[in-house]
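Asker: coordinates for the following, if possible.
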Amino acid sequence: MLLLILTCLLICAALMALVWAWQRRRGVASGLTQEKALYTGFVADLERRQARGEIDDIQAQEERAQAARALLKASETQAAVAPVKPLYGYVALGVTAILSLAVYLMIGHPDQPDQPYKQRLQTWTRLAQTNPDVLPPLAMAAVLRQGQAGHANDVTYWLFLGRIDMLAGNNYAGAQDYEKARALSPGTFVAWSELGEALTFVGGGTSGPEAVQAFEKALQRDPNDARAHYYLGQQALAEGRYEAARGHYEAALKTMAPDDVSRPQVLEALNSIGQAEAAAKAMNARISGMVSGLEAQLKADPENADGWARLLRSYDVLGDTAAHDRARAAMQAHYANRPEVIADILTKAQTRVGSEGEAK
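Answerer: Numbering: from 1, shown residues only. The predicted structure follows:
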């Protein structure tokens, strides 16, 4: 009981310190003002790097556009916050602490130690046998894992455990469960889209090669697998393959019921394609214009090694492999007797946009 009281007092003291610190910061500029200051400083630094020749015009425009989009997003989400009197904050803190202590004393058991995990697991097991619907996924997963030894070769067991682990947020454990089920019955394994989803979650939302392969196998088994279509659409959208993404999203929607809870998410993804495609086209158009000017400069002055690197990198951004190969052949022909210059140009051409400033 004494420990509980001390903990409550420490929490109250910490909250009061936070309120005091917040009151001290009332004169600080708003979040939008800080974003504008950061943007101004970034643009100034960008112009200095551009003047020193550390980045070219294409890179400068790309970084400036990215910073402007970040500022625009901040301005759109900035909300006005009405000032609050300090007294209200202190009163609210006191009331919260008193009510919390009173509720705990009424319904809690401060005189008893915490229930050991083994005892809690026994309670969960009884609930799973009598009323499993009230058991949260995390507790259900713990109950099911008690049967690993007895069901080591049971495909159905591992599939069910995988679904429960995913519901509980145990993404890595869920992926392992599905992998075990697949290893036990590779010829009859059917949960390919579930395995792909688990691997995607483990990858932080990105479908790696293994996840993509799982989704593709899911579609080979069932062309109407909405889950596989959705994640393959997400991957295609991230890679700029807009028609492929649109096809996957539309295929997913055709197989979904009108009241499917995932339907709004797929619709939102489908509607985002147009905006992403328009932004990509606009950026490619700007880069294409800059590339035309750069090509003219290199024809007049082929000794511009940095210009060749920028040209090759620009073609990579545009995805124009044929033009990239032609420019590379022309550059190699010009520097045929200077292989060290060719190597330097190719290294610079592979440098990620904006990394020159980071390196310095």
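Asker: drop to CA atoms for contacts and neighbour counts, all remaining ones
Answerer: Fine.
Asker: please save the CA atoms from whichever strand or helix holds residue 329 in PDB.
Answerer: Assigned by DSSP states H and E, residue 329 belongs to helix 321-334. The C-alpha trace of helix 321-334 is given here as PDB (Å, rounded to 0.1, in the frame of the first residue of the first chain):
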ATOM      1  CA  THR A 321      17.300   2.800 -69.700                       C
ATOM      2  CA  ALA A 322      17.900   3.200 -73.400                       C
ATOM      3  CA  ALA A 323      18.900   6.900 -73.000                       C
ATOM      4  CA  HIS A 324      21.000   6.000 -70.000                       C
ATOM      5  CA  ASP A 325      22.900   3.400 -72.000                       C
ATOM      6  CA  ARG A 326      23.500   5.800 -74.900                       C
ATOM      7  CA  ALA A 327      24.800   8.500 -72.700                       C
ATOM      8  CA  ARG A 328      27.100   6.100 -70.900                       C
ATOM      9  CA  ALA A 329      28.500   4.800 -74.200                       C
ATOM     10  CA  ALA A 330      29.100   8.400 -75.300                       C
ATOM     11  CA  MET A 331      30.800   9.200 -72.100                       C
ATOM     12  CA  GLN A 332      33.000   6.100 -72.200                       C
ATOM     13  CA  ALA A 333      34.000   6.800 -75.800                       C
ATOM     14  CA  HIS A 334      35.000  10.400 -74.900                       C
END
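Asker: same for the following helix or strand past it, what does it pack against?
Answerer: Note on helix 321-334: by DSSP H and E, the next helix or strand toward the C-terminus is helix 339-349. Helices and strands touching helix 339-349, by 3 or more Cα pairs under 8 Å, 6 or more residues apart in numbering; DSSP states H and E, are helix 305-318.
Asker: just the buried positions in the helix it packs on, please.
Answerer: Within helix 305-318, the residues that count as buried by 16 or more other Cα atoms under 10 Å are 305, 307-315, 318.
Asker: do the same with stretch 245-259
Answerer: With burial defined by 16+ other Cα under 10 Å, the residues of stretch 245-259 counted as buried are 245-253, 256.
Asker: take those and keep only those in helices.
Answerer: Here DSSP state H is the test, and the buried residues of stretch 245-259 give 245-253 as lying in helices.
Asker: hang on, the earlier thing: for the buried residues of helix 305-318, give me TSV that also has pLDDT.
Answerer: Formatted as TSV, the buried residues of helix 305-318 follow (pLDDT from 0 to 100):
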residue	pLDDT
305	90
307	90
308	92
309	91
310	88
311	89
312	91
313	88
314	85
315	85
318	77
